[in-house]
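Engineer: I'll drop the sequence and a predicted model, then ask my questions.
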Amino acid sequence: MAESARHQVGSKPLIKWTLIGLALSVTLVLLVIPLVLIFSQAFSAGWGTLMANLGDEYTLHAIGLTLFVALVTVPLNLVFGTALAWAVTRFQFPGRKLLITLIDIPFAISPVVAGLLYLLLYGRNGWVGSWLGQYDLQLMFAWPGIVMVTVFVTSPFVARELIPLMQQQGSQEEEAGVVLGASGWRVFRHITLPNIKWALIYGVVLTNARAVGEFGAVSVVSGNIRGETNTLPLHVELLYQDYNIVGAFASASLLAAIAILTLAVKGFVEWHQARERDLQPEHRTEK
Amino acid sequence: MSIQIDQVNKFYGQFQALHDVSLTIPEGQITALLGPSGSGKTTLLRIIAGLESAERGRILFGGEDISQLHVRDRNVGFVFQHYALFRHLTVAQNIAFGLESLPKKQRPPKPEIRATVARLLEMIQLPHLANRYPAQLSGGQKQRVALARALATKPRILLLDEPFGALDARVRKDLRRWLRNLHDEFHFTSVFVTHDQEEALELSDQVVVVSHGRVEQVNAPTELYARPESRFVFDFLGQVNEFSGQLKEGRLVQGDAWVRLPESPSGSEAQLYLRPHEVRLTSEPSEQAHFPFCIEAVSLIGSEVRVELKAQGWQSEDVWEVGISHAEFNRRQPRRGDRCYAVPDIAHLFAEGQDQPRTISWGDSA
């Protein structure tokens, strides 16, 4: 045993410990220390100041707006992502491959560019925006614009989680359901949905995290009006520019807490998915 | 309920999967769709079920055209190749699914559904597994649950896609027998797809051989085996020995080997197909045939002894296989390296340019 262990790839102690040490120190310097710093800064002036900062009128409004945007974005992308994944995995049509590639556009494009494009299109002088302006509808520099870019930026998450899973599962169970006389809704509700449940939850968690934290695209279309179109990430920047360091870190700690919560939920869902995969028929030996 | 398939054509883009397939599947019988992979047999089964639509042609159930009827309304039972059990439902819930999917007016009350499920579980001999999930079952158990699920709504037609493909040999044999009994009891019309000729011959009342999207031959199993109508069917129905030669003075000759033909076919070349059990082994050549061989291998497999032969003084693409009884094996004691001669009793002659064979019998003249 010892003999064979010595010959394993990358098992030389020097290499092993150098790599582990490198990974650990990078994680510490780039991830852990900043995270700890956020909370220590937020709490630096005491619990009371932190609460006072979070209870600030503008901060409360920013929290409210951020939650509102997430609340609108998540269901929209849940439906959109499921429909998209269904379309590309269950139907054959020309342009299907192209559509799968297009799903990734929001990932590939810089959010600032996305924001600018929306401004160009839906702004007061934009093509659609000027037409809507006639009816006194303003999308940009108002909450609808923030929701629109957030939906754009977070649109791939759900679909990206579902497509590989639905491809792997195939449509046989659904076919079996239809042959047994089940309606389309019954097939979706009792066969498809339970099979994709965990991937769906995972997609929602990621969508939510990004919707809450999005800065670039939102900052372009929001106009940064305090108490009106200021989301939490934008608020952090505003406070920082006002030299209200403790206030900025208080708000930032809130975002960081959401991130940590997201990671916890993500870990739980992944654990569940892995367990579910182990229970799949393909992994068991036939008797 | 009989099934009629009337001039069905199916295309996948440029590829034509089915060419003008017409077929009658008699009521209350088991029909096998037999063919190699890619022959279109599964496509045909899915078209009967309504899971695929044909570009041209009609499907009739009991004389009624149901081509335009949705799968949901055809009331067929379908058993998928990989079972397709609902992985998030228990065995009992899987079986109940069809009944619970019925429209409210036709749906039996809950206690009745429960009773039906219990009866079906009894039938598949798995009542103790009612609350298990599919992942906790073995292959054979899953297959039986899939069958019970398909039969729950009392379909008039049962369609099975490679029903025993993923099971090991013993389980397969048990299940085959079980399905046969089940069928004899309930008398639904069954169609199953297989690439295993043994399975097709054993389980069915009628075999449909499919190749390249066309029906090659339709026959009862015994008929099919006795009289294959084409080279394809011959090759597909198991081991066959081939001899190609020139026709000379009433004999088919190649190198040192020859065989006397009772009546001479037209053309200058011909091919002879001989099955392992239609050939005898002798130590001396006879006056009707001269096939010199050297024994390559002798294997005792079950009820027969298989002898593999290498051609001596002539060419054969494959080694020949001859089956002899254990009694003959004990008497003659053939050994690897021995020289011997093959003497045909029955053979199937393909004359030049013909796809239909003529069966030749030498009777007991030798």
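Structural biologist: Arrived safely, thanks for sending. On a predicted model such as this, the values are computed, not experimentally measured, just so you know. Numbering: from 1, shown residues only, chains lettered A, B, ... in the order given.

Engineer: Strands of the stretch 101-250 of chain B, residue ranges please.
Structural biologist: Using DSSP state E, counting those that start in this stretch, the strands of the stretch 101-250 of chain B run over B:157-161, B:189-194, B:206-211, B:214-219, B:241-248.

Engineer: Would you give the sheet partners of the last one, along with the direction of each?
Structural biologist: Using DSSP bridges, the neighbouring strands of strand B:241-248 in the sheet come out as strand B:251-254 (antiparallel), strand B:269-274 (antiparallel).

Engineer: likewise the shortest one?
Structural biologist: Neighbouring strands of strand B:157-161 in its sheet, by DSSP bridges, are strand B:76-79 (parallel), strand B:189-194 (parallel).

Engineer: What residues of the last one count as buried?
Structural biologist: Applying a neighbour-count criterion of 16 or more other C-beta atoms under 10 Å in any protein chain shown, the buried positions in strand B:189-194 are B:189, B:190, B:191, B:192, B:193, B:194. C-beta coordinates here come from the backbone N, C-alpha and C atoms, glycine included.

Engineer: Near chain B, which residues of the stretch 101-250 of chain A? Just list them.
Structural biologist: Selection of the stretch 101-250 of chain A residues close to chain B by C-beta under 8 Å from any C-beta of the partner chain yields A:172-173, A:175-183, A:186, A:190-191, A:194-195.

Engineer: quick one: which of those residues sit in helices?
Structural biologist: Applying DSSP state H to those, the entries found in helices are A:172, A:173, A:175, A:176, A:177, A:178, A:179, A:186, A:194, A:195.

Engineer: so which of the residues you listed comes closest to residue B:59?
Structural biologist: When those are ranked by distance to residue B:59 (C-beta to C-beta), residue A:179 comes first, at 14.8 Å.

Engineer: Could you pull up the residues touching that closest one?
Structural biologist: Neighbouring residues of residue A:179 by C-beta atoms under 8 Å, 6 or more residues apart in numbering or on different chains: B:49, B:51, B:71, B:72, B:76, B:77, B:78, B:150.

Engineer: Of those residues, which pair is most distant in space?
Structural biologist: Largest separation among the contacts of residue A:179 by C-beta to C-beta: B:72 and B:150, giving 14.4 Å.

Engineer: So these two - more neighbours on which side?
Structural biologist: Of the pair residue B:72 and residue B:150, residue B:150 is the one with more neighbours under other C-beta atoms under 10 Å in any protein chain shown, namely 23 against 17.

Engineer: Find the nearest non-adjacent residue to the more buried one, please.
Structural biologist: Closest residue to residue B:150 apart from its sequence neighbours, by C-beta to C-beta, 6 or more residues apart in numbering or on different chains: residue B:77 at 3.3 Å.

Engineer: Who is that neighbour paired with across the strands?
Structural biologist: residue B:158.

Engineer: so it makes contact with residue B:148?
Structural biologist: No. With contacts defined as C-beta atoms under 8 Å, residue B:77 does not count as touching residue B:148, sitting 9.9 Å away.

Engineer: Give me every residue in chain B lying close to chain A.
Structural biologist: Proximity of chain B to chain A, by C-beta under 8 Å from any C-beta, involves residues B:49, B:51, B:71-73, B:75-78, B:80, B:82-89, B:97-98, B:101-102, B:133-135, B:138-142, B:149-150, B:152-153, B:166-168, B:171.

Engineer: List only buried entries from these.
Structural biologist: Buried members of these, counted by 16+ other C-beta under 10 Å: B:49, B:51, B:71-72, B:75-78, B:80, B:82-89, B:97-98, B:101, B:133-135, B:139-142, B:149-150, B:152-153, B:166-167, B:171.

Engineer: Just list whatever residues bridge to residue B:344.
Structural biologist: With DSSP bridges as the criterion, residue B:344 is bridged to residue B:279.

Engineer: residue contacts, it?
Structural biologist: Residue B:344 touches B:259, B:272, B:274, B:278, B:279, B:280, B:289, B:362, counting by C-beta under 8 Å, 6+ apart.

Engineer: go again using 6 Å as the cut-off
Structural biologist: Applying C-beta atoms under 6 Å, 6 or more residues apart in numbering or on different chains to residue B:344 gives the contacts B:274, B:279, B:289.

Engineer: would you turn those residues into a markdown table with neighbour count and pLDDT?
Structural biologist: Listed next are the contacts of residue B:344 as a markdown table, based on neighbours: other C-beta atoms under 10 Å in any protein chain shown; pLDDT from 0 to 100:
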| residue | neighbour count | pLDDT |
| --- | --- | --- |
| B:274 | 24 | 89 |
| B:279 | 23 | 88 |
| B:289 | 25 | 87 |
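
Engineer: Distance check, the closest residue to residue B:280 other than its chain neighbours against residue B:278.
Structural biologist: Leaving out its chain neighbours, the residue that sits closest to residue B:280 by C-beta to C-beta, 6+ apart is residue B:343, at 4.9 Å. Separation of residue B:343 from residue B:278 (C-beta to C-beta, to the nearest Å) stands at 10 Å.

Engineer: Ok, residue A:128 next?
Structural biologist: 81 Å.

Engineer: can you check residue B:247 too?
Structural biologist: Noted for residue B:247: a distance of 21 Å to residue B:278, by C-beta to C-beta.

Engineer: just to revisit the earlier point, tell me, how many residues neighbour the residue nearest to residue B:280?
Structural biologist: By other C-beta under 10 Å, the residues close to residue B:343 number 20.

Engineer: mind checking which of the strands paired with strand B:241-248 is nearest residue B:118?
Structural biologist: Comparing those by C-beta to C-beta, strand B:269-274 comes nearest, at 53.0 Å.

Engineer: Need the per-residue pLDDT for residue A:60.
Structural biologist: Per-residue pLDDT puts residue A:60 at 92.

Engineer: And for it, nearest residue in space, chain neighbours not counted?
Structural biologist: Using C-beta to C-beta, 6+ apart and skipping the chain neighbours, the partner closest in space to residue A:60 is residue A:54 (7.7 Å).
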